[in-house]
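Asks: I'd like to go over a predicted model; first the sequence, then the structure.
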Amino acid sequence: MSRDPPAPIMDSGVVTKTHDYLPGWIQKYWPGGLGGYTPSVGNIRRPDVVIVNDPSLPPTQDNLKSVVEIKFPGDTLTRTQRDAYAQIAGDSSKVSVIGPDECDCDRGKTEQPSGRSAVSTSGESSFGAGLDAYLHSPPPPPAPPPVFVP
């Protein structure tokens, strides 16, 4: 990440929308375009979920309530990821890691007493509903290959 604090990669026309096509963003804004970008070295991080304080504003560090990483069985959060997400959030206490058993995916099914507290805010409730849809929907189609412009 080259900015401190890290800046979100957003759509140029809608300040609250993430950029749809990362290779296109890199081509347009990265010094040297796609040819100047080295993948897999940690320059760009895209957390699974960010929860904002004010949804009418972009997800900049001062507007982040939480950065959430979703890990499925067999996948673990690396120290590098945790440090990067803490840098994005501005504080390690704003970084959360959840798995499928913590997403409220069974909310629509018969309730089982679990001793777990009820969801306390509408934002957290919306997060659970969105995560449920994410976890139970088919994967999106693959992204088109990058187009190199000479």
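Replies: Ah, there it is. Predicted model only: the values in this text are computed from it and were never measured.

Asks: Longest strand in the chain, by number of residues?
Replies: Of all segments of type strand in the chain, defined using DSSP state E, the longest is strand 64-70.

Asks: Partner strands of that one and their direction?
Replies: Using DSSP bridges, the strands paired with strand 64-70 are strand 49-52 (antiparallel), strand 95-98 (parallel).

Asks: Please produce JSON lines containing those strands, extended by distance to residue 13 and mean pLDDT.
Replies: Quick note: C-beta positions are derived from backbone N, CA and C, even for glycine. Converted to JSON lines, those look like this (distance: least, C-beta to C-beta, whole Å; pLDDT from 0 to 100):
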{"stretch": "strand 49-52", "distance to residue 13": "19", "mean pLDDT": "93"}
{"stretch": "strand 95-98", "distance to residue 13": "30", "mean pLDDT": "93"}
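
Asks: How far does the longest strand of the chain sit from its chain's centre?
Replies: Offset of strand 64-70 from its chain centre (C-alpha atoms, centre = their mean, to the nearest Å): 7 Å.

Asks: same check, this time on stretch 34-52
Replies: Computed by C-alpha atoms, centre = their mean, the chain-centroid distance of stretch 34-52 equals 10 Å.

Asks: buried set for it?
Replies: Across stretch 34-52, burial judged by 16 or more other C-beta atoms under 10 Å covers 34, 37, 44, 47, 50-52.

Asks: what's the nearest residue to residue 58 if we skip its chain neighbours?
Replies: residue 15 (4.8 Å; C-beta to C-beta, 6 or more residues apart in numbering).

Asks: scratch that, residue 23
Replies: residue 146 (3.9 Å).

Asks: OK, contacts around that neighbour?
Replies: 23-24, 27, 34 (C-beta atoms under 8 Å, 6 or more residues apart in numbering).

Asks: ok, and the most crowded of those?
Replies: residue 27 (19 neighbours; other C-beta atoms under 10 Å).

Asks: Specify the local secondary structure of it.
Replies: helix (DSSP: H, G, I helix; E, B strand; the rest coil).

Asks: right, and it touches residue 35 too?
Replies: No - here residue 27 lies out of contact with residue 35, judged by C-beta atoms under 8 Å, at a distance of 9.1 Å.

Asks: what ranges do the helices span in the chain?
Replies: Counting by DSSP state H, the chain has helices at residues 22-29, 33-36, 79-89, 122-136.
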